[in-house]
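Engineer: Based on what follows, work out the 3D shape:
(2 chains)
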Amino acid sequence: MKPEDYVKIYNAVPIFRSLSREEIDEVVGASRLFRAPAGYTILKEGLPGQGMYVIVSGMANCRLKLHQGDETPLATLHKGDVFGEMSLIDDGPVSATITTVDECVLYHIDKARFAEMRTAMRPAAYKILRALAPTICERLRAINARIGEVFAEPEKSLAIMEQRYKQLAQHSRIVDAPQTDVRRREQR
Amino acid sequence: MNGQPPADSTQRFIETLPIFQGLSSREKSTLTAILTTRVYKPGAILCREGDRAFTFFILARGTVEVFKELPGGKREKLGQLTDGSMIGQVSLIDGKPRSATVQARTQAVCLECTRDDFERMFTAGSPFAFKILDQIVIHLTKRLRDANHQLYNLYSRPTETLLKLHAACLNIERTLNDTHDSSDGANVYHVSE
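Structural biologist: Numbers count the residues shown, from 1 in each chain, chains lettered A, B, ... in the order given. Now for the predicted structure:
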């Protein structure tokens, strides 16, 4: 690669900044750059992981599908953000659905190729994991904060949940049948 | 040459704990020099939530409990850890203060590693540092998957969530009632003069 190509990669993929040029060469062999149109679903929740994606340009939505068929938004992802990173670490399923908002250019590191580098104890693989770890910490803190919020203001959350419960009941989507009569408890 | 090193020596733990398996003898002797063995009595605090952190521990022997500090000096037990567990690894990654308090339940023997030593070994391409990082990211990812699942349940099981929220509201109500009952509430409202 030409020197300016490395600069382009360092700029487009922030998590590669601690990698040397030789290490970049190694990772490039395990990855590809591609374009996705607006409204394209890149990862679907529940399916096997494919590897990690970095947004080079464009925007994407991250959503969690709920049991009743509707969804709750988790985050909007921008240039430099990563997703699918958990699939580089373990073999669990994709944890959220990622859909492009506008046309996106994406950088993809293949799960199997990365696993080979990791097994071979290649420093490039570990530098990437090292760069990803704070992102995972941050996501963990964010999700825990969101769970905490629900219980920090139970009265406010109660109103929101009851609204959702009513809506779901109207569409007969309640799947976890109440063990106690919720309506009667409300009147207490 | 004269038999085995003492049972509680750093060297002995490096020879026996799984995390150190497969390392070269050169790396093992580096680690013997770098790691510090610390012994905590039952009840001793290994690290406290909110403290600035410069080290992490590998629990060599014993049981420790992990707590979340709550307002009013209360604490909630999050879990307990035994032989071979890592302690304080989240701060190692993000450089933020300790996210929980860890207290020895039995006598606990730990190998302590400073962040600086870890960073140096990582930069030098040490398999030990890579193995530690591997364990950390696997652990963090598992916790993230659990948290995602918890959030999913919160919304996907509205009945359960409603019952939990009702219980939380009742608790608040009870706390408020208790406050009103207590003589004049002077211990609650501190009006500065």
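
Engineer: Which of the helices or strands spans residue 131?
Structural biologist: I went with chain A, as the question did not name one. helix A:123-152 (DSSP states H and E).

Engineer: try chain B instead
Structural biologist: With DSSP H and E as the criterion, residue B:131 is inside helix B:127-156.

Engineer: How about that helix and chain A, any contact?
Structural biologist: Yes - using CB under 8 Å from any CB of the partner chain, helix B:127-156 reaches chain A at B:127, B:129-130, B:133-134, B:136-138, B:140-145, B:147-148, B:150-152, B:154-156. From N, CA and C alone the C-beta is placed, and that goes for glycine too.

Engineer: which regions of chain B lie under the pLDDT threshold?
Structural biologist: B:1-5, B:7, B:172-173, B:175-193 (pLDDT under 70).

Engineer: And the strands in the chain?
Structural biologist: Going with chain A. Along chain A, the stretches classed as strands by DSSP state E are A:31-36, A:41-43, A:51-57, A:60-65, A:71-77, A:82-83, A:97-100, A:104-110.

Engineer: try again with chain B
Structural biologist: B:36-40, B:45-47, B:55-61, B:64-69, B:75-81, B:86-87, B:101-104, B:108-114.

Engineer: and the gap between residue A:97 and residue A:46?
Structural biologist: As defined by CB to CB, to the nearest Å, residue A:97 lies at a distance of 9 Å from residue A:46.

Engineer: actually residue A:2, not the one I wrote
Structural biologist: Look at residue A:2 and residue A:46: by CB to CB, they are 41 Å apart.

Engineer: So between those two, which is more surrounded?
Structural biologist: Neighbour count, other CB atoms under 10 Å in any protein chain shown: between residue A:2 and residue A:46, residue A:46 has more, with 11 against 7.

Engineer: List the contacts of that one.
Structural biologist: A:65, A:93, A:94 (CB atoms under 8 Å, 6 or more residues apart in numbering or on different chains).

Engineer: likewise residue A:132?
Structural biologist: Counted by CB under 8 Å, 6+ apart, residue A:132 has contacts A:15, A:52, A:82, A:85, A:88, A:89, B:137.

Engineer: ditto for residue A:78
Structural biologist: A:55, A:59.
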